[in-house]
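In: Return atomic coordinates for the entry below.
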Amino acid sequence: MKTDHLKLDRIKKEIVLAPPEALAKGLKTDRKVMWRGAPAVRVEPGKGELVIRPARGDLRPFDQFAVPVHAGEGTRGSIGMEVRLSSHTEGIQHPDRFFINCRTRIDWTGWRNVEFPYENFLIYGIPEGWSPVQEVVVSIRADQPVHVGGLLLQHRTRVTGPRMTDEGLFEELDLSCPGMEGVARAVKRGDLKGAKRALLDHLRSRTRPRHIYGKRAEVGRDDSTAAADRVCGHHINGQQLGKEIDWRANPIGYLEWMHAFNRHSFMGSVVTAYKVTKDEKYAKKLDYLMSTWMATNPAPVDNNGGGDPAWETLSTACRIYMVWMEMFFTLLNAPGFRDETRIAMLKSFWDHAEHLMDFHGGL
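Out: As a prediction, this is how the structure comes out:
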């Protein structure tokens, strides 16, 4: 897809947290490879670590690290990061930390800024963001020498998800398919609002391809809505959350809770409750949950999402196949579920498929 059909984050502020000379303890600088006028740090083949102890311990409101890395032709390897804090959550064995468990591949030639966004980090403990930071550890594994510039700290203006624009949606669709004539005519005349209406009308009326979603018979029970009602009250996966859902919440300090939260299996009970009762309060709650999740979790761009519970590959696959498809077709005609959210889901389906196609295996 053309990048002008994706909404991209913008760097609002950038500082050099550590210049090359601050990274060079135990390593050599190399004047043959320069970064911003200074010799870059040479990391020999194998496994190397750069440990930075920032003078400032509070790195908020910055929300992204960037590591300039220079690789020679044919170099293969990976790079990861850990942010160690001096705080220690009560009841947790080790000090609080943020870390990347899905490393970024090194497979380019020349300089590239390797970005580590805040949302890509897994969180151990219940810290209040990147504070107080004790040290930042950059780990590099490569089959040839690589060079590192400084360590950058950035503050982004993030987009509201999904990243795909309306133009991008219709660029990806096959408008020549039977039944899409109305969509194609609207797109041709530049009426994207009308094209979205026509697209949803087509999905509501088509008989092919056949699928199983939204059609499964449910057995009614006296307590069939109990689990759904708990979710509607934001009691999710055993924890009571606030009035407004924070999709980065980790109320018990353990990583797996965040993964389960972002796999959305708890929404299945609400989908079932709607199928059984046709009560629009369930459709409205699902609309709220889906729209806020998509808005606050735009897909990663040019990276594998690291340990982001929203986009680690298992979670990405689970929510699509366990809940989202069933929800989309069950609520295709529900008045309480907005067309705006339906279109956003279609865009997010594309995001999910692209992410899984691009990042489907290990390093």
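In: Low-confidence regions, the stretch 151-300 of the chain specifically.
Out: Scanning the stretch 151-300 of the chain for pLDDT under 70 picks out 216-223.
In: could you redo the last one with a cut-off of 90?
Out: 207-224, 248-256, 258 (pLDDT under 90).
In: That one: strands as residue ranges?
Out: Assigned by DSSP state E, counting those that start in this stretch, the strands in the stretch 151-300 of the chain fall at 151-157, 235-236, 239-240.
In: okay, the ones you listed in CSV with distance to His5 and mean neighbour count next?
Out: All C-beta spots, glycine's among them, are computed from the backbone N, C-alpha and C. Conversion of those to CSV gives the following (distance: least, CB to CB, whole Å; neighbours: other CB atoms under 10 Å):
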stretch, distance to His5, mean neighbour count
strand 151-157, 19, 18
strand 235-236, 34, 17
strand 239-240, 38, 12
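In: Dump those strands into TSV; add distance to Asn333 as well.
Out: Output for the strands of the stretch 151-300 of the chain, formatted as TSV (distance: least, CB to CB, whole Å):
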stretch	distance to Asn333
strand 151-157	37
strand 235-236	27
strand 239-240	33
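In: do you know which of the ones you listed lies nearest Asp174?
Out: strand 151-157 (34.0 Å; CB to CB).
In: Summarise which helices and strands that closest one is packed against.
Out: Counting contacts by 3 or more CB pairs under 8 Å, 6 or more residues apart in numbering; DSSP states H and E, strand 151-157 packs against strand 10-18, strand 64-71, strand 110-117.
In: The same query, at a cut-off of 7 Å, please.
Out: For strand 151-157, the packing partners by 3 or more CB pairs under 7 Å, 6 or more residues apart in numbering; DSSP states H and E come out as strand 10-18, strand 64-71.
In: how about the strands of the stretch 151-300 of the chain, which one is nearest Gly194?
Out: Nearest to Gly194, of the strands of the stretch 151-300 of the chain and by CB to CB, is strand 151-157 at 30.9 Å.
In: List of residues touching the top helix by length along the chain?
Out: Longest helix in the chain, counting residues (DSSP state H): helix 339-358. Contacts with helix 339-358, where a contact means CB atoms under 7 Å, 6 or more residues apart in numbering, come from 162-164, 169, 172, 196, 200, 287, 290-291, 294, 299, 311, 313, 316-317, 320, 324, 328.
In: are any of these buried, and which?
Out: Among the contacts of helix 339-358, those classed as buried by 16 or more other CB atoms under 10 Å are 162-164, 169, 196, 200, 287, 290-291, 294, 299, 311, 313, 316, 320, 324, 328.
In: Could I get the contacting residues of Leu50?
Out: Neighbouring residues of Leu50 by CB under 7 Å, 6+ apart: 23, 138, 148.
In: in the longest helix of the chain, what's buried?
Out: Using 16+ other CB under 10 Å as the test for burial, helix 339-358 gives 341-352, 355.
In: Hmm, Arg163 and Met294 touching each other?
Out: No: in this structure, Met294 is not within contact of Arg163 by CB atoms under 7 Å, at 9.9 Å.
In: Of the helices and strands packed on strand 151-157, which stretch is the most buried?
Out: strand 64-71 (a mean of 22; mean count of other CB atoms under 10 Å).
In: how about the CA coordinates for the following helix or strand past that one, as CSV?
Out: Next helix or strand after strand 64-71 toward the C-terminus (DSSP states H and E): strand 77-85. Output in CSV follows, covering the C-alpha atoms of strand 77-85 (Å, rounded to 0.1, in the frame of the first residue of the first chain):
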residue,chain,number,x,y,z
GLY,A,77,21.3,-10.1,12.9
SER,A,78,18.9,-8.6,15.4
ILE,A,79,18.6,-5.8,18.0
GLY,A,80,16.6,-5.6,21.2
MET,A,81,16.3,-3.3,24.2
GLU,A,82,15.5,-3.4,27.9
VAL,A,83,14.7,-0.4,30.1
ARG,A,84,15.5,-1.1,33.8
LEU,A,85,13.9,0.9,36.5
